[in-house]
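A.B. asks: Sequence first, then the predicted structure:
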Protein chains: 2
Amino acid sequence: MEYAHFFSADTGSFLRSPVREIFKRVDLNAIYSFAGGYPSADTFPLDDIKALSALVLDKYGARALQYGATQGVPELRQVLSDRYGVPVERIQITTSSQQGIDVCTRILTDPGDVILTSDPSYLGALQSFHSYRADIVGVPHTEDLAAFRAAYVSTITALRAAGKWIKFLYMIPDFQNPSGETLTLAERQMLVGLAEEYDFLVVEDCPYRELRYEGEPVPTMYSLAPDRVLHLGSFSKIFAPGFRLGWIFGAPQLLDKIYVCKQSLDLCPPIFDQYMAAEFMGSGRLDANLARSKELYRSKRDLLLQMLAQTMPEGVSWTHPEGGLFLFLTLPEGFDSVAFYDKALDAGVAYVAGSFFHTRGGRNTMRLNFSFMTHERIREGIQLLAKLLHEVL
Amino acid sequence: MEYAHFFSADTGSFLRSPVREIFKRVDLNAIYSFAGGYPSADTFPLDDIKALSALVLDKYGARALQYGATQGVPELRQVLSDRYGVPVERIQITTSSQQGIDVCTRILTDPGDVILTSDPSYLGALQSFHSYRADIVGVPHTEDLAAFRAAYVSTITALRAAGKWIKFLYMIPDFQNPSGETLTLAERQMLVGLAEEYDFLVVEDCPYRELRYEGEPVPTMYSLAPDRVLHLGSFSKIFAPGFRLGWIFGAPQLLDKIYVCKQSLDLCPPIFDQYMAAEFMGSGRLDANLARSKELYRSKRDLLLQMLAQTMPEGVSWTHPEGGLFLFLTLPEGFDSVAFYDKALDAGVAYVAGSFFHTRGGRNTMRLNFSFMTHERIREGIQLLAKLLHEVL
């Protein structure tokens, strides 16, 4: 039977995640995987979770198992409000922070509308933007603030001259996925200023914000302009991704549209999961576990940086992330990380080719994750990757 | 700050759920609520769930807390395959069966495409269809099969003559929400035959199918035409809605589009919840609990039917559901259940006005739920509702 004529126009723009295709192809535990964005299983507070699941069922009983409010259960919104100083009426719980991206895109974007973002940017966001047939326009990061601003202004000016409608800027300001870079306060102020000047919104995606291994936290873009910025958070990296939970902070008028949309998306976020997260975050367990996780990830990041310095061929450079799960490798011009990928996978090491994160180019880049594997496997995996690269560079 | 100019065209068609608005307005436990579609908390297997959560964490450990496959965890797909005799490759797990409706609509519907459905139909589905700006065309049920078929044929013929593109027929064949009615095998065969003749798909929504209190199960529409029908199931009524889980059975070519769409919607369904459901369904606990739930619901349905017969004014009629959670009340022509609603709520009794489920008309109808409240409160609630109706009829 033929189905092509049934599919909506949106489906023509659907992008498959190359990361998830890798997971279908190989057993992540059987290879050296720098590919995914998985947290380390060692950070999952298994004993806490056992204790919490009993506590949640005792304390909330049937309430933890029944349908609940579309905005999220009051207890979880209150705990987030207390931790981040955001009023409860500005908090929407989402069924994963990926849903946060998707629902923001859904309420804001018609086909052909422009979404501005960094180049490279998060693959899952690009998938969502593509699926609504947005025009995705990426602007590379440059160190010099005036040049960075000028690149945005010229892009915006050209888009407006072409009659394009810029709906929002999507940024991951802390320990970006994939680059690992963090925007300075001045850069955040500049971008929020442009949003005000040229009247577009900002979707600020902060799944890694709590995972800082050095330096001082930079204020969120949301804190600079809470009525213009939608801020997305996630429990996946600070609790466990198996509970699919994130949150959105934003203006009540924006959250109201998200709320109505979410009714038809899935009625409400998972209730049991929400009480687990509320008890975990509200009890101090989160902070204790976060301290351990950051210690672990810092040492893995340091090991990866040290191994790269020891093993990589001339002409390969990489970012120095102050937090998060990723760093970004740039290989000599002309190197093709997509073509090289099959060879690497055959040899038993996986990464994500950088071009998947770029709106154009980036074929000589790759994203390396340092959270998932053990220290020993990071060491062995980089030795193997370096050996393969030495053969071709 | 003004936001109207940022919103996508879809948002102009978003419908608020009147049921969820009721929940925002009143405490469900403080009134006689025939309004929601909540299962009884008495059916939640709290002791099983306590035991299962410890078992899941011991048995699967970190796997229950990590990201997982977009299609759902293999263990849950296998358990569904074993129970329903559907091959694993034809099973997609969804983050609630509401998401199943939404994702099917998303991959199949462009603005202006027609979705055929019963009139009345499920409100959450209508919300989703509206949100994609579909043309929703409802066809009332009639007892006579030839007349029922003729109504569909004339509707389809008129739509095709007007150049309209019918993408799918959405039906809830078992114990329909809101009507409580069940389609006969001949009716299912007739509808599937029309889908084949006029080349549209069928989305068959079966959240209540396992809750049959009398009579014999009727074959699913999926079983009649597995390549043309997408079948939706739900754990909400047979396990607990607080775990947001449903499933889709369908042709691999259709599921592949759903799979790619779901990557950008939420990456994967909740993992811990899925292992809980797999262990619950796979262990025989589900069947034991289902037997108890059906006993409870049958007695509540019988009580509701008996109370209606004893108390309702002349000229009020109602359906006799063989299963599910709802029955549908028809009041004399001219009665306005929307206008009457505020009076009822002020007096302490809630229902859902039938017009919300209708594509047109239905103002003299109301949906009554019989799963949520205790026997005593069903009795008292109907006495109160009947008293209010006697005052105006």
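C.D. replies: Noted; the coordinates are in hand. Residues are numbered from 1 along each chain as shown, chains lettered A, B, ... in the order given.

A.B. asks: pLDDT-wise, which helix or strand of chain A ranks last?
C.D. replies: Every helix and strand in chain A was compared by mean pLDDT, DSSP states H and E; the lowest is helix A:18-25, with a mean of 72.

A.B. asks: Other residues contacting the helix or strand that that helix is followed by?
C.D. replies: Per DSSP states H and E, the first helix or strand lying C-terminal to helix A:18-25 is strand A:32-33. Residues from elsewhere that reach strand A:32-33, judged by CB atoms under 8 Å, 6 or more residues apart in numbering or on different chains: A:348, A:349, A:350, A:369, A:372, A:373, A:377, A:380, A:381, A:384, A:385. The C-beta positions use only the backbone N, C-alpha and C, and glycine is treated the same way.

A.B. asks: Apply 10 Å and report the result again.
C.D. replies: With contacts defined as CB atoms under 10 Å, 6 or more residues apart in numbering or on different chains, strand A:32-33 is touched by A:22-23, A:26-27, A:344-345, A:347-351, A:369, A:372-373, A:377-385.

A.B. asks: Repeat that for stretch A:8-17.
C.D. replies: Against stretch A:8-17 from outside (CB under 10 Å, 6+ apart): A:4, A:7, A:23-24, A:111, A:123-124, A:126-134, A:352, A:356, B:70, B:105-111, B:113, B:132, B:167, B:256-261, B:263-264, B:267.

A.B. asks: and the longest helix along chain A, how far out from the chain's middle?
C.D. replies: What stands out as the longest helix in chain A, according to DSSP state H, is helix A:285-311. Offset of helix A:285-311 from its chain centre (CA atoms, centre = their mean, to the nearest Å): 18 Å.

A.B. asks: That one - what's its average pLDDT?
C.D. replies: Helix A:285-311 carries an average pLDDT of 98.

A.B. asks: Show me what secondary structure element comes after that helix.
C.D. replies: strand A:317-318.

A.B. asks: Does anything pack onto that following strand? Which helices or strands?
C.D. replies: helix A:285-311, strand A:326-330, strand A:365-369 (3 or more CB pairs under 10 Å, 6 or more residues apart in numbering or on different chains; DSSP states H and E).

A.B. asks: Quick one: mean pLDDT over it.
C.D. replies: For strand A:317-318, the mean confidence score works out to 98.

A.B. asks: Neighbouring strands - and their directions - for it?
C.D. replies: Each strand paired with strand A:317-318, and its direction, by DSSP bridges: strand A:326-330 (antiparallel).

A.B. asks: could I have the partner strand exported to PDB, CA atoms only?
C.D. replies: The C-alpha atoms that make up strand A:326-330 are tabulated as PDB, following Å, rounded to 0.1, in the frame of the first residue of the first chain:
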ATOM      1  CA  PHE A 326      30.600  18.300  25.100                       C
ATOM      2  CA  LEU A 327      33.600  19.700  23.400                       C
ATOM      3  CA  PHE A 328      34.000  20.500  19.800                       C
ATOM      4  CA  LEU A 329      36.900  19.400  17.600                       C
ATOM      5  CA  THR A 330      38.000  21.200  14.500                       C
END
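
A.B. asks: Show me which residues of it are buried.
C.D. replies: Within strand A:326-330, the residues that count as buried by 16 or more other CB atoms under 10 Å in any protein chain shown are A:326, A:327, A:328, A:329, A:330.

A.B. asks: Just send those residues back as CSV, with pLDDT and distance to residue B:271 too.
C.D. replies: Formatted as CSV, those follow (pLDDT from 0 to 100; distance: CB to CB, whole Å):
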residue, pLDDT, distance to residue B:271
A:326, 98, 22
A:327, 97, 27
A:328, 97, 28
A:329, 97, 30
A:330, 97, 34
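
A.B. asks: of the residues you listed, closest to chain B?
C.D. replies: residue A:326 (15.2 Å; CB to the nearest CB).

A.B. asks: For the closest one, name its beta-bridge partners.
C.D. replies: residue A:369.

A.B. asks: Quick one: residues contacting it.
C.D. replies: A:34, A:37, A:175-181, A:208, A:301, A:304, A:319, A:352, A:367-371.

A.B. asks: Counting neighbours, what do you get for residue A:292?
C.D. replies: By other CB atoms under 10 Å in any protein chain shown, 12 other residues sit near residue A:292.
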